[in-house]
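Enquirer: Fold the stuff below for me.
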Amino acid sequence: MTAGVTRLQRFVLALVCAVAVSTIYAIQPVLKTAGAELGLPPESVGWLVAAGQVGYFFGLVLLVPLGDLLDRRRLIVGHLLLTATGAGITAAAPDGVIAVGGLAIAGLFAVVVQVTVAYVAEVSPAAERGRNIGAVTSGVVIGILGVRVFAGALGDTLGWRVVYVVLAMLCTAVAVAARLSLRADVRQADGRYTRVLTSMVKLAATDRLFATRGLIAFSLFASFGTLWSGLALPLSAQPWGLGTTEIGLFGLAGLAGAVGAARAGRWADAGRAQAISGWSLILLAASWLLIARTEPTLWPLIAGIVLLDFAVQAVHVSNQHLLTTAHPDRASSVIGAYMAFYSLGSALGAITTTWAYATWGWPASSLLGALYALAGLVVWALSRALGRHGVGLSHVATAAKECA
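Expert: Okay, here's the model as predicted:
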């Protein structure tokens, strides 16, 4: 089905991504307040953040492959309504246990984002696929970063529960818009659910493009998570002492970078996805030279945030363009498996940045972020070198076993 995507449909699909992913990240700016009201001890509030990520990971593995078997429009609508249910449970939660459950449900079904990307790849003509994926996935970054501003401001004025009430309402409204504006995605399923799951494992073990792009994504989002999971620590400390709302505004710098990278899809359509990945990973590593500077002014940090989010989005769009082009018949499975690398990388960045900051301060966190970016660049460079010589990762693994 390649009838194309209208401007209205692109807008609705970008909204699907932005609203769904917001339910995972909205808790971060209001974490301290929510934890105290729910009666969670300080050492346990991290479960409120982890719940959405854990649910998301399981959704990637168990739910996204359904997109290769069922009508994706129906899945988009249904998953959005179930995400709204999770957000509603969180808003009404009387204690921490129920809140964690609600956040896990929201995260589980927020994988509608990947079903949406697969839908876009399926309905887009080849010449427009990268452009459309770039426009839609920009909604993901807008949701991740924009919700920080939204939740920080709303949490300070009306309370953290109102944040999730609004998100539940938005998920429901966008579900209705998707049902009315999108075409049905009816196709013949060529396999069973268990077979699709098995194919994901085989894909990681045998497909060099997928393994390379997955490892790049792991490093990419470890670097991304290092920034956004740790940024509040130096900003809330002296000499700045910024509050929740002020820290949330730094998400606007990230938005500027992410929106600027929307053209990455057009560059990928022109056959430059590999080159985009290389120079964007270099830019990502270089951005940490600016991000590490938090004194005597914050302007270098802000510039570094713009560059980092531009680079992350450019590589992310290029990755998805290459993978959906190589595997058009199972785009949902491929994107779901690819995003599992994203989820694990983000978690690694979040864990290590707080450890590094507590031990050595923000310069140590910045060094980690740069090292993650350089790791992705090394994977990219090795893949290019091996590709020129016709060597696949499966051949390298076989040779290693023989040597052992």
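Enquirer: And the helices in the stretch 1-150 of the chain?
Expert: All helices of the stretch 1-150 of the chain, identified by DSSP state H, counting those that start in this stretch, fall at 7-25, 31-37, 46-62, 72-92, 96-109, 112-123, 129-157.
Enquirer: Out of the ones you listed, which is the most enclosed?
Expert: When those are scored by mean count of other Cβ atoms under 10 Å, the highest mean neighbour count falls to helix 112-123 (a mean of 28). In short, each C-beta sits where N, CA and C put it, glycine included.
Enquirer: Return the list of helices and strands in contact with that one.
Expert: Applying 3 or more Cβ pairs under 8 Å, 6 or more residues apart in numbering; DSSP states H and E, one finds that helix 112-123 contacts helix 7-25, helix 72-92, helix 129-157, helix 299-326, helix 331-360.
Enquirer: hey, C-alpha coordinates of stretch 202-222 in PDB?
Expert: The C-alpha coordinates for stretch 202-222 follow below in PDB (Å, rounded to 0.1, in the frame of the first residue of the first chain):
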ATOM      1  CA  LYS A 202      17.300 -14.500  14.000                       C
ATOM      2  CA  LEU A 203      17.400 -10.900  12.600                       C
ATOM      3  CA  ALA A 204      19.700  -9.700  15.400                       C
ATOM      4  CA  ALA A 205      22.000 -12.800  14.900                       C
ATOM      5  CA  THR A 206      22.300 -12.800  11.100                       C
ATOM      6  CA  ASP A 207      21.500  -9.400   9.700                       C
ATOM      7  CA  ARG A 208      24.600  -7.100   9.600                       C
ATOM      8  CA  LEU A 209      22.600  -4.000   8.800                       C
ATOM      9  CA  PHE A 210      20.300  -4.600  11.700                       C
ATOM     10  CA  ALA A 211      23.000  -5.500  14.200                       C
ATOM     11  CA  THR A 212      25.000  -2.400  13.200                       C
ATOM     12  CA  ARG A 213      22.100   0.000  13.400                       C
ATOM     13  CA  GLY A 214      21.000  -1.500  16.700                       C
ATOM     14  CA  LEU A 215      24.400  -1.100  18.300                       C
ATOM     15  CA  ILE A 216      24.600   2.500  17.000                       C
ATOM     16  CA  ALA A 217      21.100   3.200  18.500                       C
ATOM     17  CA  PHE A 218      22.300   1.700  21.800                       C
ATOM     18  CA  SER A 219      25.200   4.100  22.000                       C
ATOM     19  CA  LEU A 220      23.200   7.000  20.600                       C
ATOM     20  CA  PHE A 221      20.500   6.800  23.200                       C
ATOM     21  CA  ALA A 222      22.900   6.000  26.000                       C
END
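Enquirer: Give the helix, strand or coil label for G271.
Expert: coil (DSSP: H, G, I helix; E, B strand; the rest coil).
Enquirer: Just the pLDDT for it.
Expert: Per-residue confidence (pLDDT) for G271: 81.
Enquirer: now H395
Expert: In the predicted model, H395 carries a pLDDT score of 45.
Enquirer: All further residue positions should be reported with the first residue as 33.
Expert: With 33 as the first residue, the last one maps to H427.
Enquirer: give me the low-pLDDT residue ranges for the stretch 83-232 of the chain?
Expert: Flagging of the stretch 83-232 of the chain using pLDDT under 70 yields the residue ranges 219-223.
Enquirer: out of the helices of the stretch 33-182 of the chain, nearest to P360?
Expert: helix 144-155 (7.0 Å; Cβ to Cβ).
Enquirer: For L212, see how far away A200 is.
Expert: Distance, A200 to L212, using Cβ to Cβ, to the nearest Å: 19 Å.
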